[in-house]
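**Student:** what follows is a predicted structure for the sequence shown.
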Amino acid sequence: MKKKTKKVNAAILIIGNEILSGRTQDKNVSFISKWLNSNCGISVSEVRIIPDVEKEIINNIKLLSKKFNYVFTTGGIGPTHDDITAQSLAKAFKLKYGFHKEAYKILESYYGKKKFNDGRKKMAKMPISSKLIYNPSSAAPGFMTKNVFSLPGVPSILNSMIENCKRYLVKGLKVHSKTINLFTVESNISKELGNIQKKYNKFVEIGSYPFFRLGKIGVSVVTRSTYKLKLGQVNKELLNLVKSKKIKILKI
């Protein structure tokens, strides 16, 4: 992994008609987001789901690659006719598209020359200047083009490959997090939370998330920051708020 920088962000672009139709449930957003945050100090700031349509892929790649430090795409790099992510990516960046020599060798070695058919050869086609993301599960590599990481849609394969992205990433500062679970309703603390957020707006992010547990309604208050001292100050104020309103804290 490359040298740390102050704040690094990313977007995730899920590509696939099967996700939009509801036939397949996405599991990759949660996994990638958690991995980037905990391992790399990179925050995911936007997620989009789009169909296997070349124009949609090109337009979203152009926009997101300019807006964020990194973009992670999932899906559309397999052997079938509707796997068009690699070709669309080449068009988005106006790069030469064809067989990547190293990817071709990896796949030919994995399948053997007799079983290395046209569909499998297709998985070696990408912007030829791309850097490979090695695949320990099924050989077919992902690839990095500019600041875009193209990964498969199958969660188990993606999970096995993700560590191989790390070498290309600039690490951000670690994001510290603290959660307090309260037996109360959001409206009971919303004004005070707003005031605390305003006071520490440049340093700490505060979120409140309702839950229903043990027959009671509650709120999880989550604070996140790269500034550990400021995070401690915010949580001290939150505990004072809880005490003043005589709110019960749920320990889980």
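**Tutor:** Alright, I've got the coordinates.
**Student:** look up the closest residue to Tyr200, ignoring the ones flanking it.
**Tutor:** Among residues not flanking Tyr200 along the chain, Val234 sits closest, at 5.4 Å (Cβ to Cβ, 6 or more residues apart in numbering). The C-beta positions use only the backbone N, C-alpha and C, and glycine is treated the same way.
**Student:** got the buried residues for the longest helix along the chain?
**Tutor:** Ranked by number of residues, the top helix in the chain under DSSP state H is helix 228-244. Going by neighbour count (16 or more other Cβ atoms under 10 Å), the buried part of helix 228-244 is Lys230, Leu231, Gln233, Val234, Asn235, Glu237, Leu238, Leu241, Val242.
**Student:** Gly41: which of these is nearest?
**Tutor:** Leu231 (14.6 Å; Cβ to Cβ).
**Student:** quick one: contacts for the residue lying closest to the closest one once chain neighbours are set aside?
**Tutor:** The spatial neighbour of Leu231 that comes closest, neighbours along the chain excluded (Cβ to Cβ, 6+ apart), is Ser225 at 4.3 Å. Going by Cβ atoms under 8 Å, 6 or more residues apart in numbering, Ser225 touches Val175, His176, Phe203, Val204, Glu205, Leu231, Val234.
**Student:** do the same with Tyr110
**Tutor:** Applying Cβ under 8 Å, 6+ apart, the residues near Tyr110 are Ala139.
**Student:** A strand includes it, no?
**Tutor:** No: counting by DSSP: H, G, I helix; E, B strand; the rest coil, Tyr110 is not part of a strand but helix.
**Student:** separation between it and Leu158?
**Tutor:** 18 Å (Cβ to Cβ, to the nearest Å).
**Student:** in the chain, what residue spans correspond to helices?
**Tutor:** Under DSSP H, the chain gives helices at 17-20, 28-35, 54-67, 85-93, 101-111, 118-122, 155-161, 186-199, 228-244.
**Student:** the longest one vs helix 186-199, what angle?
**Tutor:** If you take axes from the mean of the first three to the mean of the last three Cα atoms, to 10 degrees, helix 228-244 sits at 150 degrees to helix 186-199.
**Student:** what's helix 228-244 packed up against?
**Tutor:** In terms of contacts (3 or more Cβ pairs under 8 Å, 6 or more residues apart in numbering; DSSP states H and E), helix 228-244 is packed against strand 176-183, helix 186-199, strand 216-225.
**Student:** can you add mean pLDDT and distance to Val8 and give the ones you listed back as JSON lines?
**Tutor:** Conversion of the helices and strands packed on helix 228-244 to JSON lines gives the following (pLDDT from 0 to 100; distance: least, Cβ to Cβ, whole Å):
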{"stretch": "strand 176-183", "mean pLDDT": "93", "distance to Val8": "16"}
{"stretch": "helix 186-199", "mean pLDDT": "96", "distance to Val8": "23"}
{"stretch": "strand 216-225", "mean pLDDT": "92", "distance to Val8": "15"}
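**Student:** most packed of these?
**Tutor:** strand 216-225 (a mean of 18; mean count of other Cβ atoms under 10 Å).
**Student:** just the CA coordinates for it, please, in CSV.
**Tutor:** Coordinates of each C-alpha in strand 216-225 appear next as CSV, following Å, rounded to 0.1, in the frame of the first residue of the first chain:
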residue,chain,number,x,y,z
LYS,A,216,-38.6,-1.6,22.9
ILE,A,217,-37.7,1.1,20.4
GLY,A,218,-34.2,2.5,20.6
VAL,A,219,-31.6,4.5,18.8
SER,A,220,-28.0,3.7,18.0
VAL,A,221,-25.9,6.9,18.0
VAL,A,222,-22.8,6.4,15.9
THR,A,223,-19.9,8.8,15.9
ARG,A,224,-17.0,8.6,13.4
SER,A,225,-13.9,10.7,13.0
